[in-house]
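Peer 1: using only what follows, build the 3D model:
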Amino acid sequence: MQSNFSTRLSERLREKLHVGIIMDGNGRWATRRGLSRLRGHEAGVEAIRRIVEAAPDQGIGTLTLYAFSTDNWRRPRTEVSALMGLLRFYLANEVQSLVRNGVRLHVIGRRDRLPDGIADAISRAEAATAAGETLHLRIAVDYSARDAILNAAVKLAGIAAPSRELFSDLVTGERGLRDVDLIIRTSGEKRLSDFLLWEGAYAELHFTERMWPEFDAADLTEALASFHRRERRFGGLQALSLEPAPSL
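Peer 2: A predicted model of the protein is given here:
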């Protein structure tokens, strides 16, 4: 995992919602259409573009996307290679668009196991987009929430009275990252799969049957509308008021 914190987010971004999405169903979407799984992952990249474009207008300041888990290394070598190729493609071809749209990119997870050149490409993309103030886009690659928590605990060795704030900084690799407000999972599965376990402790959950390649701005609007109808008590008796859903 990364050892250095990224620059603290601006208050402008931290005041907006943090939404995490488990982008599930690429392979099944493709199989049902008689297409290769790779075509499903390519369609998934198109869905990322749609949601990154739609997120800021829907009150989202931070968007964390689950792209490749630590356990995904168990998939067939050809599929893993294809996924890494798509990551290379995204980093090479999307950075200028992210810069134009004020999107700040941060990749979370391990980098030491990625194929040659990808870690350097990630660092270049992060540096190029560091000034983004419209959306904080976090992409989880070779990511495990349990590993992130374990690594943070190791780093705290010798600290007599660590605070939750310090521990959160170590888990997330971000200074003062807002806790996750909403986690969305596509394709009908109803589990977190080792995603954002610390920062999503009080997150609302939204599960949809839509496959990730089909997911669009209207689906995001529906998930957020459901979120804004819920009462969030955070262990108390009185619900905390939510910011009204932005008018579209």
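
Peer 1: all helices of this protein, in order?
Peer 2: Using DSSP state H, the helices found in the chain span residues 11-14, 26-32, 37-54, 77-93, 95-100, 118-128, 145-155, 164-172, 217-229.

Peer 1: beta-bridge partners for the spatially most central residue of the chain, please?
Peer 2: With distances taken as Cα atoms, centre = their mean, the residue of the chain nearest its centroid is residue 64 (1.7 Å). Bridge pairing for residue 64 (DSSP bridges) gives the partners residue 20, residue 138.

Peer 1: buried set for the helix or strand of the chain with the lowest mean pLDDT?
Peer 2: When the helices and strands of the chain are scored by mean pLDDT, DSSP states H and E, helix 11-14 comes last with a mean of 82. Across helix 11-14, burial judged by 16 or more other Cβ atoms under 10 Å covers residue 13. Yep, even glycine has a C-beta here, placed from its N, CA and C like the rest.

Peer 1: so how far is residue 162 from residue 102?
Peer 2: Taking Cβ to Cβ, to the nearest Å as the measure, residue 102 falls 34 Å from residue 162.

Peer 1: the residue nearest to the centre of the chain against residue 22, yeah?
Peer 2: No - taking contacts as Cβ atoms under 8 Å, residue 64 lies outside contact range of residue 22: 9.8 Å.

Peer 1: was I right about residue 79 contacting residue 37?
Peer 2: Yes - Residue 79 is in contact with residue 37 according to Cβ under 8 Å; the separation is 6.0 Å.

Peer 1: looking at these two, which one has more neighbours?
Peer 2: Looking at residue 79 and residue 37 with other Cβ atoms under 10 Å, you find the greater number of neighbours at residue 37, namely 19 against 15.

Peer 1: just checking, the more buried one touches residue 75?
Peer 2: No - in this structure residue 37 lies outside contact range of residue 75 using Cβ under 8 Å: 9.3 Å.

Peer 1: for residue 201, give me phi and psi.
Peer 2: When read as degrees, to the nearest 10, the backbone of residue 201 gives phi -60, psi -40.

Peer 1: and the nearest residue to it once chain neighbours are set aside, how many neighbours?
Peer 2: Spatial nearest neighbour of residue 201, chain neighbours left out: residue 179 (7.1 Å); criterion: Cβ to Cβ, 6 or more residues apart in numbering. Residue 179: 16 surrounding residues under other Cβ under 10 Å.

Peer 1: cool, and the one 10 residues further on?
Peer 2: By the measure other Cβ under 10 Å, the count of residues near residue 189 is 13.

Peer 1: ok, it - contacts?
Peer 2: For residue 189, the contact set (Cβ atoms under 8 Å, 6 or more residues apart in numbering) comprises 22, 24, 207.

Peer 1: what does residue 83 give?
Peer 2: Here residue 83 is in contact with 41, 67-68, 72, 75 (Cβ under 8 Å, 6+ apart).

Peer 1: gap between residue 31 and residue 191?
Peer 2: Relative to residue 191, residue 31 is positioned 21 Å away (criterion: Cβ to Cβ).

Peer 1: what do you get for residue 80?
Peer 2: Going from residue 80 to residue 191 by Cβ to Cβ gives 22 Å.

Peer 1: which of the two has more residues huddled nearby?
Peer 2: residue 80 (15 against 11).

Peer 1: right, and the more buried one touches residue 69 too?
Peer 2: No - Residue 80 is not in contact with residue 69 according to Cβ under 8 Å; the separation is 11.6 Å.
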